[in-house]
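Visitor: coords please:
(chains A and B)
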Protein chains: 2
Amino acid sequence: MAVNLPAIQAAQLLAIDGVRLATANAGIKDNDQADLVLIEIAEGSTVSAVYTQNAFCAAPVTIAKRHQQQAPPRYCLINSGNANAGTGQQGEAAAISCCRSLAELVAAKPETVLPFSTGVIGQQLPVEKIQAALPNLISDLSNDHWFDAAHGIMTTDTLAKAVSKKIVIEGKSITVTGMAKGSGMIRPDMATMLSYIATDANVAQPVLDNMLKQAAEQSFNRISVDGDTSTNDACVLIATGKAGSDQLTDLNSASAQALYQVIAEISQQLAHAIVRDGEGATKFVEVTVEQGQNKTECRQVAYTIAHSPLVKTALFASDPNWGRILAAVGRSGLLDFDLSKVAIYLNEVCIIKAGEPAADYTEQKGQAVMDNSEITIRVVLERGQATDTVWTCDFSYDYVKINAEYRS
Amino acid sequence: MAVNLPAIQAAQLLAIDGVRLATANAGIKDNDQADLVLIEIAEGSTVSAVYTQNAFCAAPVTIAKRHQQQAPPRYCLINSGNANAGTGQQGEAAAISCCRSLAELVAAKPETVLPFSTGVIGQQLPVEKIQAALPNLISDLSNDHWFDAAHGIMTTDTLAKAVSKKIVIEGKSITVTGMAKGSGMIRPDMATMLSYIATDANVAQPVLDNMLKQAAEQSFNRISVDGDTSTNDACVLIATGKAGSDQLTDLNSASAQALYQVIAEISQQLAHAIVRDGEGATKFVEVTVEQGQNKTECRQVAYTIAHSPLVKTALFASDPNWGRILAAVGRSGLLDFDLSKVAIYLNEVCIIKAGEPAADYTEQKGQAVMDNSEITIRVVLERGQATDTVWTCDFSYDYVKINAEYRS
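Guide: Model (predicted):
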């Protein structure tokens, strides 16, 4: 039950010239849903990617990183239902084998294929099933298949996540379309869950790399469902240049900044969609910490609140149990922390002022905020100029149910 | 539903000469259960206490710390059902007021009273209810009332936690009795949940202080139910000297070490009881990390596993989903972490060896371990000589239920 996340419509997703997509059901998942997605990237495109910082990264992450250094990427081969993580050398061999099989069929070098997997950890990848599905997959390639692809990468997601935007840069119409999947083991760390964003703009490699890094930092790297960083997180940004616009070679130029804004908006929208569809989520919660000494300590306080099982279960119960927020702030570990300066707000309702219960707080005011499905928790530290924000969801019976029954 | 935690019997709890206890129902809790406990400590006793490191510590913690510096403690006045935390200056005035009322009735100085509270955060303490119950409370004082007192300090605990042990030191029979309460907002940080341990041994103040600090470090400070450090944690160790034994003035003497061992055992037994009775717990889980560079990094890895909602829900489901343990180890943030040396075990079953899936692992072996109600997760880092252990429980529907319905 996603929080205020409307189902996407196929017509809302705009094709990107130079990017074709295909989806197939290879039988990896137990159910009848699609589980294999191929993204074909036109020659001459620039491609940037960021990956999970989890030390136990999955086999496809290792191989994708290696391939990216060996050749310009032309294909992303993505399976859901099996993460190919914790699978050792056999898992790496399996990922390479899939890349080779695809490369043969499309007459490309194996190194031009980036493999991605998401699903259950610790089971060997069913390579034969994937190989058997490749011919049909390739024949399905089309510019118009973003909608199906967004569904094909889902695991415990209840809704597909994708969005398109158009802008005009230097007189040329530019399109950006992105998709992502969640929805458990979500606390991206300098990377993201699986997400693919493409544009027909022409962007130089270092500029594209910086755009992706910055956009991920302000979106995917600021969300948490359960504090668990996945072994398989990856985010790919593709620029095909097919719109015919001049190449963007300076990130600080007005044109590059205009494109970056759109990419950042799409990244944030997809990141929020992952939280809104977080496992068992019934609330979408923004946690903002203001007036910290630096962004790092703002995030430290924000994540302590966002990860507190007691805060998250109170949110689930719509209980204005602000004592748990206060306790989380208090244990967040800031040095020389002067409580007498702290203020805490639920939306616009002040609950703590100068470290003391706010005189005009009433249970009714707190309850009115908590009854919403979208809530902002704001902490003002009054010890600096920095601000940072993270987004999270609540902790429900369904989170336990989903994770007691599903193998991630 | 506590995990392998038998109900205590009144006859198992041994009186400590010099310590009298009393319990009353002051009507602070909504139910009919006792919620006010008084511990009277004989003059000439030594008393040591450690308190929560949560920066938003509760009013009674602030007052107890202050009183302890002003006079030798003679009384611990403990209420359950209201934490008197997040209550500002009014909360401190309330705690002082309770201490004064008691002091008047027993003709003592208010500074000899240490106040303690546990329960809902953010509601003002019902001082009048406590004051009204004091005369009956005082008349109930007896050496034999540990059993009732252990029940009177409970909040969401399903079982009372208390234990007694006897040893002979230098020919004198010495008794140690302790009690504690949990069972949510449990991740003590250099302190404990509410716990009171008393002995009739004669122990010099600095020796008693060190005994408590060390014992808490190896017991209460190594457990976590939900990662949330309480605002009210406190642990008190009382030595009355009434056994007539010589004063222990050197912690390293054989006699002091013998006493310390008993205090440490009781602390660990009470700490484990808190985890066994953790909110919604169905499994008791030991997480041991071996061959780390130092104890700090061992704990860092152990707590990352112990706090992972995905690991905890898999434990609840008795699912040998070791991929989640591997993912938690991988995100625990160790520097220069060489995966190829890591081994992970479920009890004696090896799941990861030299960073690869163990060749002889089978789902049946993993399932056989997970079907137990007591499980050890052991991670071997092979990068040093240090070992550390934490204890935790699983994450069940009932944890969400308890915390969506109860205000802590």
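Visitor: C-alpha from now on. contacts and neighbour counts both.
Guide: Fine.
Visitor: what's near enough to touch residue A:402?
Guide: Residues touching residue A:402, when contacts are defined by C-alpha atoms under 8 Å, 6 or more residues apart in numbering or on different chains, comprise A:279, A:280.
Visitor: On the three-state scheme, it is what?
Guide: Following DSSP: H, G, I helix; E, B strand; the rest coil, residue A:402 is assigned to helix.
Visitor: Tell me the spacing between it and residue A:122.
Guide: Taking C-alpha to C-alpha, to the nearest Å as the criterion, residue A:402 is separated from residue A:122 by 18 Å.
Visitor: One more: residue A:28?
Guide: For residue A:28, the distance to residue A:122 (C-alpha to C-alpha) stands at 14 Å.
Visitor: Tell me which of the two has more neighbours.
Guide: When residue A:28 and residue A:122 are compared on other C-alpha atoms under 10 Å in any protein chain shown, the one with more neighbours turns out to be residue A:122, at 24 against 21.
Visitor: What backbone torsions are found at the closest residue to that one other than its chain neighbours?
Guide: Closest residue to residue A:122 apart from its sequence neighbours, by C-alpha to C-alpha, 6 or more residues apart in numbering or on different chains: residue A:86 at 4.9 Å. Its backbone dihedrals place residue A:86 at phi 70, psi 30, with angles given as degrees, to the nearest 10.
Visitor: Could I get the pLDDT score of residue A:86?
Guide: Looking at residue A:86, its pLDDT is 86.
Visitor: That one is in contact with residue B:353, isn't it?
Guide: No - in this structure, residue A:86 is not within contact of residue B:353 by C-alpha atoms under 8 Å, at 11.1 Å.
Visitor: neighbour count winner among those two?
Guide: Between residue A:86 and residue B:353, residue A:86 has the larger neighbour count (other C-alpha under 10 Å), namely 28 against 17.
Visitor: which residue ranges form the helices in chain A?
Guide: Assigned by DSSP state H, chain A shows helices spanning A:59-70, A:88-106, A:127-139, A:146-152, A:205-217, A:254-276, A:295-307, A:309-316, A:322-330, A:363-370, A:397-405.
Visitor: which other residues reach the shortest one?
Guide: Spelled out, it's helix A:146-152. Under C-alpha under 8 Å, 6+ apart, the answer for helix A:146-152 is A:9-10, A:13-15, A:21-24, A:33-38, A:79-80, A:159-162, A:179-181.
Visitor: just the first one next, same as before
Guide: For helix A:59-70, the external contacting residues (C-alpha under 8 Å, 6+ apart) are A:51-52, A:73, A:84-89, A:91-92, A:95-96, A:111-117, A:232, A:234.
Visitor: pLDDT on that helix, on average?
Guide: 95.
Visitor: and it with helix A:88-106, angle?
Guide: Interaxial angle of helix A:59-70 relative to helix A:88-106 (axes from the mean of the first three to the mean of the last three C-alpha atoms, to 10 degrees): 50 degrees.
Visitor: Repeat that for the third one.
Guide: Angle, helix A:127-139 to helix A:88-106, by the same axes, to 10 degrees: 30 degrees.
Visitor: Which strands or helices does helix A:127-139 pack on?
Guide: Packed against helix A:127-139, as judged by 3 or more C-alpha pairs under 8 Å, 6 or more residues apart in numbering or on different chains; DSSP states H and E, are the following elements: strand A:19-24, strand A:36-41, helix A:88-106.
Visitor: Tell me what angle that helix forms with strand A:19-24.
Guide: When the same axes, to 10 degrees is applied, the directions of helix A:127-139 and strand A:19-24 differ by 130 degrees.
Visitor: could I have helix A:127-139 exported to PDB, CA atoms only?
Guide: Taking C-alpha atoms only, helix A:127-139 is exported to PDB below (Å, rounded to 0.1, in the frame of the first residue of the first chain):
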ATOM      1  CA  VAL A 127      21.800 -18.700 -16.100                       C
ATOM      2  CA  GLU A 128      20.000 -21.100 -18.400                       C
ATOM      3  CA  LYS A 129      16.600 -19.500 -17.800                       C
ATOM      4  CA  ILE A 130      18.100 -16.100 -18.700                       C
ATOM      5  CA  GLN A 131      19.900 -17.400 -21.800                       C
ATOM      6  CA  ALA A 132      16.700 -19.100 -23.000                       C
ATOM      7  CA  ALA A 133      14.800 -15.900 -22.700                       C
ATOM      8  CA  LEU A 134      17.300 -13.700 -24.600                       C
ATOM      9  CA  PRO A 135      16.100 -14.200 -28.200                       C
ATOM     10  CA  ASN A 136      12.600 -13.100 -27.300                       C
ATOM     11  CA  LEU A 137      13.900 -10.300 -25.200                       C
ATOM     12  CA  ILE A 138      16.000  -8.900 -28.000                       C
ATOM     13  CA  SER A 139      13.100  -9.000 -30.500                       C
END
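Visitor: what does the average pLDDT come to for it?
Guide: If you average the pLDDT over helix A:127-139, you get 98.
Visitor: between that helix and strand A:36-41, how many degrees?
Guide: Counting by the same axes, to 10 degrees, helix A:127-139 points 50 degrees away from the direction of strand A:36-41.
Visitor: buried set for helix A:127-139?
Guide: Taking 16 or more other C-alpha atoms under 10 Å in any protein chain shown as the neighbour-count basis, helix A:127-139 is seen to contain the buried residues A:127, A:130, A:131, A:133, A:134, A:137, A:138.
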